[in-house]
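Participant: whatever this is, show me its structure:
(chains A and B)
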2 protein chains.
Amino acid sequence: MAAHALDATRVHYAWDNALPPRLEIDPGDVVVFDTRDAADGHYSRASTHADVLARGPFRGHPLTGPVRIRGAAPGDTLVVEILEVRPRADFGWTAIRPGRGLLPQAEFPEPFLTVWDLADGTHARMDRRVAVPLAPFPGVLGTALDEPGAHSTMPPRKNGGNMDIKQLTAGTTLFLPVWVDGALFSVGDGHGAQGDGEVCVTAVEMDARVTLRLGLRRAAAVPEPRFRTAGPLGPAADAGGWFVTTAHGPDLFASARQAIRYLIDHLVTERKFSREEAYVLCSVAADLRISEIVDAPNWIVSAFLPESIFVA
Amino acid sequence: MAAHALDATRVHYAWDNALPPRLEIDPGDVVVFDTRDAADGHYSRASTHADVLARGPFRGHPLTGPVRIRGAAPGDTLVVEILEVRPRADFGWTAIRPGRGLLPQAEFPEPFLTVWDLADGTHARMDRRVAVPLAPFPGVLGTALDEPGAHSTMPPRKNGGNMDIKQLTAGTTLFLPVWVDGALFSVGDGHGAQGDGEVCVTAVEMDARVTLRLGLRRAAAVPEPRFRTAGPLGPAADAGGWFVTTAHGPDLFASARQAIRYLIDHLVTERKFSREEAYVLCSVAADLRISEIVDAPNWIVSAFLPESIFVA
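Facilitator: You can find the predicted model right below:
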């Protein structure tokens, strides 16, 4: 078993199985990936709301890779053991971009930026009121697709990709389908903390160092990504009570929106955050769960906010 | 502050604001409710699969109440402190009824019944392979509606009702809208354990004793139910690792179905349960989360199975 490293000096911005591998490894090798943040270095600690629009259109997540795994073939499963994920910067950012995110542009027409202080290594701090425990993970982990050409990194796909699954932290093992010879794995989009759903479309975004062991199960196809955690889910944020809003109705998407609206209202009314700060807090810390999905015509989506993030 | 008790000898099967209250209390009083299981005593420890169809059509959850809270008026919030919930029987049941539940009848055409042993007071035991930690809660808690007539207890509504929210365990405080004078609160449908989503349409169903303090916040309307937990969510089932399936696509409902299908396949293939047992396990122990809801055109729904329920 060998160890390798890939720095972040060269990245790619689309899923394209014609990209030459930056590295070729044996199954079971460990690779340390340095990754760039989703905005490709656009933001600094000094950035302001105006910098959100100055960024221009999204051109794809900068991804570190691809890595070719010797012997991997379509129908195999790539076994990604997540050994370590940590920030490579002392700050992270969360942006509201009008027209993106769960809530419509009419409700959040202005750009907004939160810069998080990550300097203590344990929490993302908004200001003295809020400390979200760091639970870092890569938002994007994926293999190459079996269709030719360049495919946007934005939507999650059958290759994994931009899954934004907050439980893909150190200790978790992810099983990814292999669609092309060599698998051609890439990773990026480090998140310091995030709620299930990432509702404003960004988490605590950051440069990251991601250490992975890439193994192979031959002829053991998984139809879509799946994973196994090493232990309990809760320790980072599940330290105290939760405040939870619910919304019922026949459409899960509409109910998710409504539950988040209620949570934003709560944060504004009860805890005196601005609407934009509240939306950001929902994105980085609140979890969307499907509480009820069988008693027609109404289902329930609930938004779970851990109250332990409030420190002042 | 007074304490009251309502036994389960008289129940009602619909939301109807013309029902006379069984009890009238002051805000802040405590009421011990004995509740009947969702099948109104149809099942016993000796019941079999055939008894599922013998039950006939569902006629409504048997509910204990209504309780009139003096002074409650539309626009107030009923504050329901859940003080204790415990089984009143040494068994619980979970049924697959063809045509009900998240998965279509074509996939589960036969009735199926699991009888759980609750005798040890800490776990629901299917057989020697499975012990699901008890985390009892009432599936139905609701106030009367402001529309006349009898309304089915099946769908969750603006009065709460059949919410099946698994976090409504002892220690949680639920905030319910008041729609009529006196609020007219009822409760029922005890669940010993359940996953977020209750996918096969039943949990570990049981007779229960539910102790609640019913308080009032005047002129503090909540648009839909919300709640606050007393502490961490996880302790009952979050004792070890989780196995998680994911499904991506533009429709959250379809993805929820698909994630559950994958989990059933996993339980059948890897752990040798029957398909029906696997569906039951998903219903009583697996949680549906919205992992991703902002990267169009694909969202991700994940099904989280706590592996600590497997004891042999």
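
Participant: the stretch 1-150 of chain A against chain B: which residues are in contact?
Facilitator: With Cβ under 8 Å from any Cβ of the partner chain as the criterion, the stretch 1-150 of chain A meets chain B at residues A:Arg100, A:Gly101, A:Leu102. All C-beta atoms are positioned from the backbone trio N, CA, C, and that covers glycine.

Participant: any chance of those in a markdown table with neighbour count and pLDDT as columns?
Facilitator: Formatted as a markdown table, the entries for these read as follows, by neighbours: other Cβ atoms under 10 Å in any protein chain shown; pLDDT from 0 to 100:
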| residue | neighbour count | pLDDT |
| --- | --- | --- |
| A:Arg100 | 18 | 91 |
| A:Gly101 | 23 | 94 |
| A:Leu102 | 25 | 95 |
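
Participant: just those residues: which are in helices?
Facilitator: Counting by DSSP state H, none of the members of the residues of the stretch 1-150 of chain A next to chain B fall within helices.

Participant: could you tell me which of those belong to strands?
Facilitator: Under the assignment DSSP state E, these contribute nothing to strands.

Participant: and which of these is nearest A:Phe108?
Facilitator: Out of the residues of the stretch 1-150 of chain A next to chain B, the one with the shortest distance to A:Phe108 is A:Gly101. That distance is 7.1 Å, counting by Cβ to Cβ.

Participant: need the contact list for that closest one.
Facilitator: The neighbours of A:Gly101, taking Cβ atoms under 8 Å, 6 or more residues apart in numbering or on different chains as the test, are A:Phe108, A:Val199, A:Cys200, A:Val201, A:Tyr279, A:Ser283, B:Val294.

Participant: quick one: residues in contact with the longest helix belonging to chain A.
Facilitator: Taking DSSP H as the criterion, chain A has its longest helix at helix A:252-271. Counting contacts by Cβ under 8 Å, 6+ apart, the residues outside helix A:252-271 that touch it are A:102-103, A:107, A:129, A:197, A:199, A:243, A:245-249, A:273-275, A:277-279, A:281-282, A:286, A:288, A:290, A:293, A:299-303, A:305, A:310, B:223-224, B:226, B:252-253, B:256, B:290, B:293, B:299.

Participant: are any of those residues buried, and if so which?
Facilitator: Neighbour-count burial (16 or more other Cβ atoms under 10 Å in any protein chain shown) is assigned, among these, to A:102-103, A:197, A:199, A:243, A:245-249, A:273, A:275, A:277-279, A:281-282, A:286, A:288, A:290, A:293, A:299-303, A:305, A:310, B:224, B:226, B:252-253, B:256, B:290, B:293, B:299.

Participant: quick one: which of those residues sit in strands?
Facilitator: For the buried ones among the contacts of helix A:252-271, membership in strands holds for A:243, A:245-249, A:288, A:290, A:299-303, A:305, B:226, B:290, B:299, with DSSP E as the criterion.

Participant: how about the helices in the stretch 51-200 of chain A?
Facilitator: Counting by DSSP state H, counting those that start in this stretch, the stretch 51-200 of chain A has no helices to list.

Participant: closest point of it to chain B, which residue?
Facilitator: Proximity of the stretch 51-200 of chain A to chain B (Cβ to the nearest Cβ) peaks at A:Pro155, 4.2 Å away.

Participant: just give the nearest non-adjacent residue to that residue, would you?
Facilitator: Distance criterion Cβ to Cβ, 6 or more residues apart in numbering or on different chains; nearest residue to A:Pro155, sequence neighbours excluded, is B:Asn298 at 4.2 Å.

Participant: contact partners for that neighbour?
Facilitator: Going by Cβ under 8 Å, 6+ apart, B:Asn298 touches A:Pro155, A:Pro156, A:Arg157, B:His248, B:Gly249, B:Pro250, B:Glu292.

Participant: 6 Å instead, please
Facilitator: B:Asn298 makes contact with A:Pro155, A:Pro156, B:His248, B:Gly249, according to Cβ atoms under 6 Å, 6 or more residues apart in numbering or on different chains.

Participant: what distance do you get for the nearest residue to the last one once chain neighbours are set aside to A:His151?
Facilitator: With Cβ to Cβ, 6+ apart as the criterion, B:Gly249 has its nearest non-adjacent residue at 5.0 Å, and that residue is B:Ser255. Applying Cβ to Cβ, to the nearest Å, the value for B:Ser255 to A:His151 is 20 Å.

Participant: of those two, which one has the most company?
Facilitator: For B:Ser255 against A:His151, the residue with the higher neighbour count under other Cβ atoms under 10 Å in any protein chain shown is B:Ser255, and the figures read 26 against 18.

Participant: which pLDDT value belongs to the more buried one?
Facilitator: According to the predicted model, the pLDDT of B:Ser255 comes to 96.

Participant: and the one 5 residues further on, by the same measure?
Facilitator: On pLDDT, B:Ile260 comes in at 95.

Participant: then A:Thr229?
Facilitator: What the model reports as pLDDT for A:Thr229 is 90.

Participant: what's the angle from the longest helix of chain A to helix B:252-271?
Facilitator: Using axes from the mean of the first three to the mean of the last three Cα atoms, to 10 degrees, one finds that helix A:252-271 and helix B:252-271 are set 100 degrees apart in direction.

Participant: check which residues of helix A:252-271 are buried.
Facilitator: Across helix A:252-271, burial judged by 16+ other Cβ under 10 Å covers A:252-253, A:255-264, A:266-268, A:271.

Participant: among the residues you listed, which one sits closest to chain B?
Facilitator: Closest approach to chain B among the buried residues of helix A:252-271 (Cβ to the nearest Cβ): A:Leu252, at 4.0 Å.

Participant: now that closest one: closest residue in space that isn't a chain neighbour?
Facilitator: Counting by Cβ to Cβ, 6+ apart, A:Leu252 lies nearest to B:Leu252, which is 4.0 Å off, once chain neighbours are set aside.

Participant: which residues are in contact with A:Ala89?
Facilitator: Residues near A:Ala89 by Cβ under 6 Å, 6+ apart: A:Met206, A:Asp207.

Participant: apply 10 Å and report the result again.
Facilitator: The contact partners of A:Ala89, taken as Cβ atoms under 10 Å, 6 or more residues apart in numbering or on different chains, are A:37, A:41, A:43-45, A:118-119, A:190, A:192, A:205-208.

Participant: again with A:Pro138
Facilitator: Shown here is A:Pro138, whose contacts under the criterion Cβ under 10 Å, 6+ apart are A:33, A:35, A:61, A:63-64, A:80, A:82, A:85, A:162-165, A:168-169, A:174, A:186-191, A:208, A:210, A:212.

Participant: sorry, back to before: quick check: angle from the longest helix of chain A to strand B:287-292?
Facilitator: Put simply, helix A:252-271 runs at 90 degrees to strand B:287-292, going by the same axes, to 10 degrees.
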